[in-house]
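Enquirer: Below is the structure, and that's it, no one-letter string:
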């Protein structure tokens with residue numbers, strides 16, 4: 001039975017349940033508010049190119065701060081990191097509520113939301129890695145990924161709330177719901193107890209820890225693949241509203257597409273453990289990225305709305321595999337006391353992709369529209385598949401898990 005101290009619940013089964021609630025809440029906030037930030041920016045006259053910059057502003061703080069935040073998580077512990085992240089997220093949603101008609105305030109909300117989400121996932125992933133037995137790491141990260149995808153499924157449903165028109169969701173109401181969820185996330189952070197702290201045999205600097213982690217065979221390939229995959233998810237979330245406006249697709253259908261993407265990611269993560277054991281991480285990673293490339297690239301063509309929804313289902317199922325696979329593998333190989341740094345390297349590489357690629361591909365929007373941006377994102381996933389070939393093949397051996405521990 002988990003130990004209790006006042007209202008704080010330890011990291012046993014109940015603590016894990018609280019962590020899953022926490023993980024779902026941050027994703028509900030992010031995937032409800034970020035499309036609404038796009039709608040709000042368009043509503044105040046932002047250009048399609050500026051949508052790419054808005055996405056980059058969300059990712060930029062984490063690109064700069066990920067390494068220090070990861071080291072801070074190693075030092076202060078996961079629970080303290082979750083509390084700090086929740087406070088930042090509350091601030092982000094409050095700025096969005098108060099500044100829904102100001103482009104400057106929307107950018108500020110995007111920056112704060114990026115910081116809050118960064119610190120949240122670092123603390124959560126370090127938490128999961130600390131409590132995961134090596135032989136069950138893929139399965140437990142799959143369960144964590146399921147909670148993440150559940151939040152990503154619920155968040156876009158806020159866009160289906162009655163709005164001013166069929167093509168515009170109730171932006172201020174969505175921001176207010178996000179604020180309520182952020183306060184709930186803070187409450188969960190306050191009552192959960194983090195796992196037992198790992199202590200490194202010797203205290204090392206942040207740069208030395210980073211070099212140690214990066215020296216692991218195959219890790220750079222996993223970082224490249226993961227960053228490109230996550231960037232395409234961000235691009236899809238940011239440009240789906242523009243695609244709807246360009247093709248006259250109602251906001252409810254765009255919401256359904258976003259829900260389908262995250263929902264099918266959620267389904268695929270339920271089977272992550274058996275798939276990884278049967279196929280091996282490398283071939284599961286490469287195959288899922290190739291399917292993602294084909295389905296996302298098809299958005300370039302003028303297909304009917306029902307076909308876009310079907311493609312989104314396939315894209316969501318395939319893209320849902322990559323992130324927990326890379327999380328599990330990186331957690332397993334992280335040296336003692338350096339899991340936060342390892343996760344921060346993963347997050348920093350993800351944010352590099354999220355910062356550079358949306359801004360770069362956003363320049364295509366003026367000429368090709370949202371369809372061109374999404375088609376180019378599919379092409380980038382072919383590069384990610386090539387990078388995935390560098391991840392060691394552990395099919396049927398559990399090799400990486402044995403080596404890690």
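Expert: Sure, I can see it. In this text, all values refer to a predicted model and were calculated from it rather than measured experimentally.
Enquirer: which stretches of the chain aren't confidently modelled?
Expert: Of all residues in the chain, those with pLDDT under 70 make up the ranges 1-12, 132-137, 163-167, 194-210, 212-213, 215-218, 329-340, 354, 391-405.
Enquirer: Need phi/psi at the residue nearest the centre of it.
Expert: When the chain is reduced to its mean C-alpha position, the closest residue under Cα atoms, centre = their mean turns out to be residue 230, at 6.7 Å. For residue 230, the backbone dihedrals are phi -70, psi -40 (criterion: degrees, to the nearest 10).
Enquirer: how about the nearest residue to it, chain neighbours excluded?
Expert: Across the structure, with Cβ to Cβ, 6 or more residues apart in numbering as the measure, the residue nearest residue 230 apart from its sequence neighbours is residue 350 (4.6 Å). For glycine as for every other residue, the C-beta is placed from the backbone atoms N, C-alpha and C.
Enquirer: Count the residues that sit near that neighbour.
Expert: Other residues near residue 350 come to 27 when the count uses other Cβ atoms under 10 Å.
Enquirer: Work out for me the element it sits within.
Expert: In this structure, residue 350 sits in helix 339-388 according to DSSP states H and E.
Enquirer: Check residue 286 too.
Expert: Of the helices and strands defined by DSSP H and E, residue 286 is found in helix 281-297.
Enquirer: Can you tell me how far the residue lying closest to residue 290 once chain neighbours are set aside is from residue 142?
Expert: Ranked by Cβ to Cβ, 6+ apart and with sequence neighbours excluded, the top spatial neighbour of residue 290 is residue 385, at 5.1 Å. Noted for residue 385: a distance of 21 Å to residue 142, by Cβ to Cβ, to the nearest Å.
Enquirer: Relative to residue 34, how far out is residue 274?
Expert: Shown here: residue 274 relative to residue 34, a distance of 32 Å by Cβ to Cβ.
Enquirer: correction: residue 376
Expert: Using Cβ to Cβ, residue 376 is found at 20 Å from residue 34.
Enquirer: Which one of these two is surrounded by more residues?
Expert: Taking other Cβ under 10 Å, residue 376 and residue 34 do not tie; residue 34 has more neighbours (24 against 19).
Enquirer: The residue nearest to residue 24 when sequence neighbours are not counted: neighbour count?
Expert: Spatial nearest neighbour of residue 24, excluding adjacent residues (Cβ to Cβ, 6+ apart): residue 151 at 3.8 Å. Around residue 151 sit 25 other residues, with neighbours defined as other Cβ under 10 Å.
Enquirer: on that earlier part again, which residues touch the residue nearest to residue 290?
Expert: When contacts are counted by Cβ atoms under 8 Å, 6 or more residues apart in numbering, residue 385 is found next to 225, 286, 289, 290, 293.
Enquirer: and the last one, how many neighbours?
Expert: Other residues near residue 293 number 25, with proximity taken as other Cβ under 10 Å.
Enquirer: Looks like it contacts residue 386 (just checking).
Expert: No - counting by Cβ atoms under 8 Å, residue 293 does not reach residue 386; the two are 10.6 Å apart.
Enquirer: Identify the residues contacting residue 83.
Expert: With contacts taken as Cβ under 8 Å, 6+ apart, residue 83 has the following neighbours: 186, 189, 190.
Enquirer: redo that, cut-off 10 Å
Expert: Going by Cβ atoms under 10 Å, 6 or more residues apart in numbering, residue 83 touches 76, 119, 123, 185, 186, 188, 189, 190, 192.
Enquirer: Okay, the residue nearest to the centre of the chain and residue 358: tell me how far apart.
Expert: Counting by Cβ to Cβ - residue 230 and residue 358 are separated by 11 Å.
Enquirer: Between the two, which contacts overlap?
Expert: When contacts are counted by Cβ under 10 Å, 6+ apart, the set common to residue 230 and residue 358 consists of residue 59.
Enquirer: hang on, the earlier thing: could you provide the contacts of residue 385 in CSV, with additional columns for distance to residue 113?
Expert: Compiled in CSV, the contacts of residue 385 are given as follows (distance: Cβ to Cβ, whole Å):
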residue, distance to residue 113
225, 25
286, 32
289, 27
290, 31
293, 28
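Enquirer: out of the residues you listed, who's nearest residue 343?
Expert: Distances from those to residue 343 were compared by Cβ to Cβ; the smallest belongs to residue 225, at 15.9 Å.
Enquirer: give me the number of residues near that closest one?
Expert: Here the number of neighbours of residue 225 (other Cβ under 10 Å) works out to 27.
Enquirer: before we move on, the earlier item: packing partners of the helix holding residue 286?
Expert: If you count contacts as 3 or more Cβ pairs under 10 Å, 6 or more residues apart in numbering; DSSP states H and E, helix 281-297 packs onto helix 219-247, helix 272-279, helix 305-333, helix 339-388.
Enquirer: Any idea which of those gets closest to residue 20?
Expert: With Cβ to Cβ as the criterion, residue 20 lies closest to helix 305-333 of the helices and strands packed on helix 281-297, at 13.3 Å.
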